[in-house]
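**Q** fold the following, please.
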Amino acid sequence: MNVEQSAGQPAGLLYWPCSPLCRQDEKNRAGYRISGTTRYIYGMVRKIFLAAISCISITCFAQNRYEDSLKIQLEKETRPVRKFDLINKTLEDEVNSGVNIDTSMCIELLRLAQELKNDSLEAIAYNMAGSFNARKGDYLTALEYLLKAIPLAEKAKDKRRISSLYFDISLIYIILKKQQEALYYNLKGKDNLPGKSSPVYDFMVAQFDRNMVRYYLLLNKPEAALPFVKHLEQEGIKLNTPVIRLPSLFLSGDAYLQLGKKDSAEFYFSCAARLSDSISSLGLKWTNDKYYIPYLLQNKKFSEARQRASLLLKLGEAHNNWDVRITAAAFLRTIFDKTQKPDSAYYYSMAEMSMKDSFFNENNINKVQVLAFNEKLRSMEEQRRNEIKEKQRQQNILLGLICLGMILLVVLFLYQLRKRRTEMHRKLAGQRDRISRELHDNVGSQLTYIRGNIDLLIDSKGFLSQEEEMKKLSVVSETSKNIMNDLRETIWVIKKEHVKLDELSDRIKAYLQKQISFCHGTETEIIEDIGKNYNFLPTESLNTYRICQEAIINIIKHAHASKIILKIMSDKKTDYFFSISDNGRGFETQTQNEGHYGLLNMMQRAQEAGAKLSIQSEPGSGTNVTLVKCS
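**A** Predicted structure coming up:
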């Protein structure tokens, strides 16, 4: 947003209706004597003046129709982004045309930007708020909003907006005649220029050059301003837009005037005057005349100076702009004072004072408007901050709950892990105890038996016949083989984390076939139907194997059977089913011979394995041993 174009004050409730060319009768009554030549010049000036006013009226009418068109589109538009663009365009046109800025639109612009949660759009809204306050003459508040827009533009990485904001801030400091601040922010704007490929690059460079020229002219250093003047002129020609072209001309004229080069100054001021007459922007015309009319007065071109000041006054009245009207009245007072027309000078001096009084009253109204506008913006900002804080608080609560949940999950996981490890240690300890007992009860007892036989052979040497000694040695040898087999089976179980049902089945079948090989005339039948390949834990598989082994040994030793049937099965409902039956002589299951604990050991092993053991037998009817574990 160009602050220079928006630095005028809008009119309020009061109206200054008069201009010198419209009050000729009053001047005549005051004692003015007008010669024929003066009447002729006056008539020509009047015609030129009326023609210029007609052109301006046509331009203003076209501008008003364009603005009305934008407002009609705005009333129909519902999309927030498009609505934002239309409001922004409407406000820019109001700034450039010199009319009052609609504060409700400024507020709506900021509301839409916050609703869209777009940092770049919010920076534009604050930029417009800064222009509004500069337009009202409240430069400090304007700086506040422009500075507030910068971090938003930086967050959005909007280089064009960042550089524009810095250039506008620099221009305000130039108006306030604070040279150091003006130079600092202008250089910041240069550091943040968009890339050369950007379509607005040249326009932004021109703003930098314009501020540098005004900075050096403020310091009365026209030599330092010249390089920037020349570059600004080139940018004005290249861009071919009055916003850049006109300042490049009148600033060049002022620079050459300070250097004492009157011909160059005359050339640039004349070019600026012609361009100013061809455009409709009040802000640009007013800024140009503030440079050009003092030049005309310095060179005693009072007629042209009076003509331009009168036209400027008319423009100020047409746009209800007090700043422009006061400036024009002050120029006319000075012109008539220098041309020694005290009555006219007094008239415009009184008009200027009256305008300033009206302006003072209007300024009070402006201040109320500014305060209301800024209070509304601050209220919106406070509401936005509260919403952000509430959202942040809710996010923190949610984050805290998530963290608490994660901590509880970690604690629960560690507890379960520790519980599982404890359970595993307990199971491992139980397995070690059972394996130790297995080695002690089975292998240990057999080793004791071997040792006893060997001691007997040693102690009875010479007392036993050779046949008896060979028999004892055969027993020792057979027992040793049994020990080796038991150790292999135990080691095989220990080395495995799990033993599958089909593996255990093969072991039991192999053991049965081996034992039957020593019994001539005994027939075997094996029925195997494994529907589910159950995984045994090591001790469970060892206990199951020992139960089946004990059942087979009992048949071989005591049953005198002619047939043994082995069944191994599993399905969805049954983890495993083992059945070992024979057609031998059977026994009384209720009778337990002292010193024989085979059946009791089988029961204990079944209990440890979590399976159900059933032993059915009657004398003369054979025996059936079943071991079942259901799913």
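
**Q** alpha carbons only for contacts and neighbour counts from here, please
**A** Will do.

**Q** what's Gly521 sitting at in phi/psi?
**A** Taking degrees, to the nearest 10, you get phi 90, psi 0 for the backbone angles of Gly521.

**Q** next: Ser579.
**A** Torsion angles, degrees, to the nearest 10, at Ser579: phi -140, psi 130.

**Q** the chain should start at 563 in everything you say after this.
**A** From this message on, residue numbering opens at 563, which makes the last subject Ser1141.

**Q** in terms of helices and strands, where is the closest residue to it other than its chain neighbours?
**A** Leaving aside its chain neighbours, Ser1141 sits nearest to Thr1188 (4.3 Å; criterion: C-alpha to C-alpha, 6 or more residues apart in numbering). Using DSSP states H and E, the element containing Thr1188 is strand 1185-1192.

**Q** which parts of the stretch 963-1112 of the chain are strands?
**A** In the stretch 963-1112 of the chain, the segments counted as strands under DSSP state E, counting those that start in this stretch are 1061-1062, 1085-1092, 1097-1098.

**Q** what residues sit buried inside the strand holding Thr1188?
**A** Using 16 or more other C-alpha atoms under 10 Å as the test for burial, strand 1185-1192 gives 1185-1191.

**Q** what's the answer for stretch 637-646, then?
**A** 645-646.

**Q** for stretch 1041-1053, same thing?
**A** By 16+ other C-alpha under 10 Å, the buried positions in stretch 1041-1053 come out as 1041-1042, 1045, 1048-1049, 1052.

**Q** now find how far off-centre that stretch is within its chain.
**A** 71 Å (C-alpha atoms, centre = their mean, to the nearest Å).

**Q** which residues are contacting the strand holding Thr1188?
**A** Strand 1185-1192 has contacts (C-alpha atoms under 8 Å, 6 or more residues apart in numbering) with 1113, 1135-1146, 1148-1149, 1168, 1172-1179.

**Q** again, but for stretch 669-681
**A** 642-643, 646, 649-650, 683-684, 687-688, 714-715, 717-718, 935, 938-939, 942, 946.

**Q** could you do stretch 827-839 as well?
**A** Residues outside stretch 827-839 that contact it (C-alpha under 8 Å, 6+ apart): 804, 808-809, 811-812, 814-819, 846-847, 850, 854.

**Q** repeat for stretch 893-901
**A** Contacts for stretch 893-901 (C-alpha under 8 Å, 6+ apart): 855, 859, 864, 867-868, 871-872, 904, 906-911.

**Q** next step: those restricted to helices.
**A** 855, 859, 864, 867-868, 871-872, 904, 906-911 (DSSP state H).

**Q** for those, give me JSON lines that also has neighbour count.
**A** As requested, the ones in helices among the contacts of stretch 893-901 are arranged in JSON lines below (neighbours: other C-alpha atoms under 10 Å):
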{"residue": "Ile855", "neighbour count": "24"}
{"residue": "Leu859", "neighbour count": "18"}
{"residue": "Phe864", "neighbour count": "19"}
{"residue": "Ala867", "neighbour count": "21"}
{"residue": "Arg868", "neighbour count": "21"}
{"residue": "Ala871", "neighbour count": "26"}
{"residue": "Ser872", "neighbour count": "21"}
{"residue": "Pro904", "neighbour count": "14"}
{"residue": "Ser906", "neighbour count": "21"}
{"residue": "Ala907", "neighbour count": "22"}
{"residue": "Tyr908", "neighbour count": "15"}
{"residue": "Tyr909", "neighbour count": "17"}
{"residue": "Tyr910", "neighbour count": "26"}
{"residue": "Ser911", "neighbour count": "20"}
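
**Q** pull out the buried positions in whichever strand or helix holds Ala715.
**A** Following DSSP H and E, one finds Ala715 within helix 701-717. Within helix 701-717, the residues that count as buried by 16+ other C-alpha under 10 Å are 701, 703-705, 707-712, 714-716.

**Q** can I get the strands of the stretch 963-1112 of the chain in TSV including mean pLDDT?
**A** Shown next, in TSV, are the strands of the stretch 963-1112 of the chain (pLDDT from 0 to 100):
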stretch	mean pLDDT
strand 1061-1062	90
strand 1085-1092	93
strand 1097-1098	92
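
**Q** mind checking which of those is nearest Ser693?
**A** The closest of those to Ser693 is strand 1097-1098. By C-alpha to C-alpha, the value is 82.5 Å.

**Q** ok, residues contacting the closest one?
**A** Outside strand 1097-1098, the residues touching it (C-alpha under 8 Å, 6+ apart) are 1060-1063.

**Q** can you flag the buried ones in the residues you listed?
**A** 1060-1061, 1063.

**Q** closest to Phe770 out of those?
**A** Using C-alpha to C-alpha, those come closest to Phe770 at His1060, 82.5 Å.

**Q** so how far is Ile1109 from Pro1181?
**A** 21 Å (C-alpha to C-alpha, to the nearest Å).

**Q** CA atoms of the strand holding Thr1188 as CSV?
**A** Taking C-alpha atoms only, strand 1185-1192 is exported to CSV below (Å, rounded to 0.1, in the frame of the first residue of the first chain):
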residue,chain,number,x,y,z
THR,A,1185,-4.8,-103.3,29.8
ASN,A,1186,-5.6,-99.9,28.1
VAL,A,1187,-3.6,-96.8,29.0
THR,A,1188,-4.9,-93.4,27.5
LEU,A,1189,-3.4,-90.0,27.9
VAL,A,1190,-5.6,-87.1,26.6
LYS,A,1191,-5.3,-83.3,26.6
CYS,A,1192,-8.2,-81.3,25.3
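
**Q** can you list the strands that that strand pairs with?
**A** Strand 1185-1192 sits in its sheet next to strand 1136-1144 (antiparallel), strand 1174-1179 (antiparallel), going by DSSP bridges.
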